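Student: give me the fold of what follows.
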Amino acid sequence: MVLEQELKLSVLEGEITLKDISLEGYEQSEITSQRLISTYFDTPNQTLIDSGVGLRLRFDGSHWFQTVKEAGQVKNGLHERQEWEHALETKAFDEALLALTPLKALIEDKVMWASVSPVFTTDFIRQTIVLRSQDQSEIELAYDKGSIHAGEKTTSIHEIELELKTGDVNHLQQIAVQLISKLPLETTNSSKAQKGYALVLKSNCQQHSD
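Tutor: Numbering: from 1, shown residues only. Sure, this is the predicted structure:
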C-alpha cells in the first residue's frame with residue numbers, strides 16, 4: 001500500500017507537445033510513450049464506489065496490473081489516496097492480494113464477489129517525463145489523451161497528471177503553476193474513475209428512456 005499524491009490538470013484546448021515544455025528548476029528525462037487500457041469493476045448496485053473504493057485491471061501492452069484505490073481527499077486538483085497495486089501474470093484477479101486491501105469483506109462474500117463485473121473502460125496514450133528537482137524530489141509528468149467507454153457512451157480523456165514519486169509534495173503545485181502560465185490548462189478535482197462513473201449514469205439513463 002502506498003499514499004498516491006498527484007495533481008490533475010485538464011487540457012482546455014489544442015494539443016500538448018511535451019518536447020517543447022521546459023520547467024525552471026527541474027531536470028527532465030526523455031519522453032516515453034505507451035498505450036494503457038484499464039477496465040473498472042463494480043457490483044450491479046455499485047457497492048464499491050458507494051463505499052469509496054475503486055477496482056481496476058490495467059494492461060500496458062506487456063503486463064497486467066490490478067489496482068485498488070480509496071477515494072481519499074481532493075483539494076485544488078491535488079488528489080491524495082491510498083493505493084494497492086500488484087502486477088499479475090494473467091488478466092485474472094489475484095484474490096489473495098485483493099483480500100489484503102479494503103476489498104477484504106467483498107472477497108469473503110462469495111455471492112457479492114461473483115456479481116462484480118466491468119462497468120467502463122479507459123483507453124489512452126500516456127506520454128511521460130520524469131522531473132527531478134535540486135532537492136532530489138522526483139515527479140512523474142504524464143500527458144494522457146484518449147477516451148472512456150461505458151455502454152454506447154464515450155467521453156474524452158485529455159489531461160496532465162503530476163505524481164509525486166519521492167520528495168516534497170509542494171513541487172506538484174510549483175510545477176502546476178509553471179505549466180498553467182504556459183499552456184491552456186486548469187486544475188481539476190475529477191479523476192478518470194469519476195468521469196467513468198458519470199458516463200455509466202448517462203448510459204443507464206439513456207437505456208431506461210429508450
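Student: and stretch 95-115, how far out from the chain middle?
Tutor: Centroid displacement of stretch 95-115 relative to its chain, using C-alpha atoms, centre = their mean, to the nearest Å, is 22 Å.
Student: do me a favour and get the end-to-end distance for it?
Tutor: Across stretch 95-115, the terminal residues are separated by 14 Å (C-alpha to C-alpha, to the nearest Å).
Student: now do it, average pLDDT.
Tutor: Stretch 95-115 shows a mean pLDDT of 94.
Student: what do you get for stretch 193-210?
Tutor: Rounded mean pLDDT across stretch 193-210 is 76.
Student: same question, stretch 34-49
Tutor: 95.
Student: in that stretch, what counts as buried?
Tutor: 36, 38, 39, 40, 41, 42, 43, 48, 49 (16 or more other C-beta atoms under 10 Å). (Glycine included, C-beta is placed from N, CA and C.)
Student: that one: end-to-end distance?
Tutor: Start-to-end, stretch 34-49 (C-alpha to C-alpha) is 28 Å.
Student: biggest strand in this structure, by residue count?
Tutor: strand 117-133 (DSSP state E).
Student: which strands border it, and is each parallel or antiparallel?
Tutor: strand 26-28 (antiparallel), strand 32-42 (antiparallel), strand 138-150 (antiparallel) (DSSP bridges).
Student: re the thing from before, report the two of the buried residues of stretch 34-49 separated the most.
Tutor: Pairwise distances across the buried residues of stretch 34-49 peak at 24.5 Å for 36 and 43 (criterion: C-beta to C-beta).
Student: which residues of the chain fall in helices?
Tutor: 47-50, 95-98, 104-108, 110-114, 170-182, 192-209 (DSSP state H).
Student: format those as a markdown table; extra columns: distance to residue 15.
Tutor: Listed next are the helices of the chain as a markdown table, based on distance: least, C-beta to C-beta, whole Å:
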| stretch | distance to residue 15 |
| --- | --- |
| helix 47-50 | 32 |
| helix 95-98 | 38 |
| helix 104-108 | 41 |
| helix 110-114 | 42 |
| helix 170-182 | 14 |
| helix 192-209 | 19 |
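Student: what's the closest of these to residue 1?
Tutor: helix 95-98 (11.1 Å).
Student: tell me what that closest one is packed against?
Tutor: Judged by 3 or more C-beta pairs under 8 Å, 6 or more residues apart in numbering; DSSP states H and E, helix 95-98 is in contact with strand 64-70, helix 104-108.
Student: mind listing what residue 24 touches?
Tutor: Residues near residue 24 by C-beta atoms under 8 Å, 6 or more residues apart in numbering: residue 178.
Student: one more time with 10 Å, if that's ok
Tutor: By C-beta atoms under 10 Å, 6 or more residues apart in numbering, the contact list for residue 24 reads 174, 175, 178.
Student: which among those gets closest to residue 165?
Tutor: Looking across the contacts of residue 24 and measuring by C-beta to C-beta, the closest to residue 165 is residue 175, at 12.8 Å.
Student: what pairs with the residue lying closest to the closest one once chain neighbours are set aside across the strands?
Tutor: Nearest non-adjacent residue to residue 175, counting by C-beta to C-beta, 6 or more residues apart in numbering: residue 162, 5.6 Å away. Following DSSP bridges, residue 162 is listed with bridge partners residue 7, residue 141.
Student: isn't residue 162 right up against residue 8?
Tutor: Yes - Residue 162 is within contact range of residue 8, at 7.9 Å (criterion: C-beta atoms under 10 Å).
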